[in-house]
Each structure stands twice: as C-alpha cells, then as structure tokens.
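Student: Task: produce atomic coordinates for the following.
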Amino acid sequence: MSSSVIVTAFIEALERKDIAAAAALMSPSISYENVPMQPIVGREAVASALDAFLGAASEVDWVIARQHEVGNVVFNERVDRFRIGDGWLEMPVAGVFEIDDAGLISLWRDYFDLATYQRQMTELTGR
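Tutor: The predicted structure follows:
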C-alpha cells in the first residue's frame, strides 16, 4: 500500500470509531503530536487517547480537502468534524504522517487552533 492509502485507511477507521483498526495501522512506537498539546507516544497510549477523545462524539467525519504524498510522508488539509449532542464541532487541521518501512504510521502530527476547539466544545457542552 502507498503511504497515502495507509493514511486514508487510518482516517476511515477513526471515522468509524474503530480504534482497533486504527491502532493496527500504527507503529508500536508511534508519536502522536497534537500541536499545541504534549505528544503521546506508543500505540497503546495513542489508542487510549483516541478512545477517550472520540468517545464524546456520536459521529466523526473528517473532510479531506487536499492530501499529498512525498515518499513516506503524507500531508493533508482537512476539517475534523465531531457530532456532540445536537451540534458539530468543526476543526480545521493540517496533518503530517510518516510511514515506516513496515507500512505503519510512526509519526502523526496535527496542527490546529486550541482556542477554536475549546470555544466550540464549551458552546456544545456548556463546559
């Protein structure tokens, strides 16, 4: 599989909230760097964080505007959407993924605006 196909399969698993399928595409030593937050390192730690993060959403829809592959690196520009209660939290995100020689995601770095996330979460949940 190409690097882009691996990333697309990973995102599709997250949209289904299938953490096990997403974890199967991660390196055991993956670094998930959700900038500006602290990195999460290791497949189990990332899977646990994703389970908690996606658990608040009844639906997940990540709309990819652009995705480009350069060797083992995939860049995408997307809007990550999460249905929370009766509304949608929508986050513009720029993502960078590195695929190792085993065909697994070894680095996942997302850039987003934390204040936008916090404001929308407060509007949707009141907290």
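Student: And the most far-flung residue of the chain relative to its centre, what's its pLDDT?
Tutor: Taking Cα atoms, centre = their mean, the residue of the chain most remote from its mean C-alpha position is Gly126, at 24.1 Å. For Gly126, the pLDDT comes out at 81.
Student: Phi and psi next, for it.
Tutor: Note on Gly126: its backbone torsions stand at phi 80, psi 10 [degrees, to the nearest 10].
Student: again with Glu77
Tutor: phi -120, psi 130.
Student: you'd agree it is up against Arg66?
Tutor: Yes. Using Cβ atoms under 8 Å, Glu77 makes contact with Arg66 at a distance of 4.7 Å. In short, each C-beta sits where N, CA and C put it, glycine included.
Student: the more surrounded of the two?
Tutor: Shown here are Glu77 and Arg66; by other Cβ atoms under 10 Å, Glu77 has more neighbours (15 against 9).
Student: Tell me the spacing between the more buried one and Ile40.
Tutor: 22 Å (Cβ to Cβ, to the nearest Å).
Student: Phe82 too?
Tutor: 18 Å.
Student: With neighbour numbers in mind, choose between the two.
Tutor: Neighbours per residue (other Cβ under 10 Å) separate Phe82 from Ile40, with Phe82 holding more: 22 against 17.
Student: you'd agree that one is up against Trp62?
Tutor: No. Checked against Cβ under 8 Å, the pair Phe82 and Trp62 is beyond contact range at 9.3 Å.
Student: Count the neighbours of Ile84 for me.
Tutor: Using other Cβ under 10 Å, Ile84 has 16 neighbouring residues.
Student: what is it paired to in the beta sheet?
Tutor: Taking DSSP bridges as the rule, Ile84 bridges to Gly87.
Student: That concludes my questions; thank you for your assistance.
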